[in-house]
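A.B. asks: Based on what follows, work out the 3D shape:
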Amino acid sequence: MTEPSTEPDRPEAAGESAAVMSFWEHLDELRSRLTKAALAYVAAMFAAWAVRDQVLEFLWRPFVASWKSAGLAGEPQLHFAAPGDAFMAYFKLSMIAGAALAAPVVFYQVWAFVAPGLYKREKRWSFGFVLFTSLFFVGGALFGWRLAFPISFDYFLSLTADAKHAGVQITPTVMIGEYLDFVAQMLLAFGLIFELPILLTFLSMVGLVNYLQLLRFSRWFVMVASVLGAVLSPPDTTSMVVMTVPLIGLYFVSIGLAWLFGKRPSDEQLERDRRWREEKKAERARLKAERRAEKAREAAEKRK
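C.D. replies: Sure, this is the predicted structure:
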């Protein structure tokens, strides 16, 4: 008679019910997912081409508002230098709008590639993952359009007004290709950084991180956010600031989501965190006592 198994029950992994895929099969699966995502993106670009003028007006609107608020003369205009620049500009518009339209399909392909390595319980999150990832991506781009664009454009155009007060006439000549490059970079960057809560919540739900680890890393993340803001944003201080501040805020939102939906820390992690907080408290008390003693010595020397 065989002895009953003493191993704890665990959910069946999705990959355990089927044959283990080889390295080349993984590559073939990746190629298939990338092909489907690319085809969906191309189809979305063709669909966006039909509304390219409406998309251009939508993306141009924050600049027009900033132009008028700066009190610049005339109406803002877009220019192009070469005959083919207008076509390339509309092509970029289709790429920008196509990314938003194809986001659900692209994120589904990402999930479908990752899902075979997850447990059955975790595979149930597929609909929520695709839905919220798409919403946060598009929502991040809209956040950039609604908040970051006006701040950046107001600052850039205010420089021309300052120069005018100093007796220097600066006339903004906005090239359509360069404007759309700026807009595309900002929209993509904000769309990606708004994926941070989804990514960290997912990692906490599968047990790779927990809210205590994220909270302890928060001071370092401020530096990481500054680097990401500098890399993802156009090369100017204003764009970096308007991207770094929301990124830091999203990180702390992620900590709250990890606390609500993520796996709980182990007793050992809780005890280690308690000792760490006590050490920090003792260190602050020691530094405070040293500062008081230093001030007392300085006061005593002055009295002498």
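
A.B. asks: in this structure, which helix has the most residues?
C.D. replies: helix 267-303 (DSSP state H).

A.B. asks: which other helices and strands contact that helix?
C.D. replies: helix 211-216 (3 or more C-beta pairs under 8 Å, 6 or more residues apart in numbering; DSSP states H and E). (Each C-beta comes from the backbone N, C-alpha and C, glycine too.)

A.B. asks: Contacts made by the helix it packs on with the rest, please.
C.D. replies: For helix 211-216, contacts defined as C-beta atoms under 8 Å, 6 or more residues apart in numbering pick out 200, 204, 251, 254-256, 258-259, 262, 265, 269-270, 273, 276.

A.B. asks: redo that, cut-off 7 Å
C.D. replies: 200, 204, 254, 255, 258, 259, 262, 265, 269, 273 (C-beta atoms under 7 Å, 6 or more residues apart in numbering).

A.B. asks: distance of the residue nearest to the fourth one when sequence neighbours are not counted from residue 153?
C.D. replies: Spatial nearest neighbour of residue 255, excluding adjacent residues (C-beta to C-beta, 6 or more residues apart in numbering): residue 214 at 4.8 Å. Residue 214 is 34 Å from residue 153, where distance means C-beta to C-beta, to the nearest Å.

A.B. asks: how many other residues sit next to residue 140?
C.D. replies: 22 (other C-beta atoms under 10 Å).

A.B. asks: From the contact counts, what lies against the helix or strand containing it?
C.D. replies: Per DSSP states H and E, residue 140 falls inside helix 126-143. Applying 3 or more C-beta pairs under 7 Å, 6 or more residues apart in numbering; DSSP states H and E, one finds that helix 126-143 makes contact with helix 85-114, helix 176-193, helix 196-205.

A.B. asks: Pull out the buried residues from the contacts of helix 211-216.
C.D. replies: Buried members of the contacts of helix 211-216, scored by 16 or more other C-beta atoms under 10 Å, are 200, 204, 254, 255, 258, 259, 262, 265, 273.
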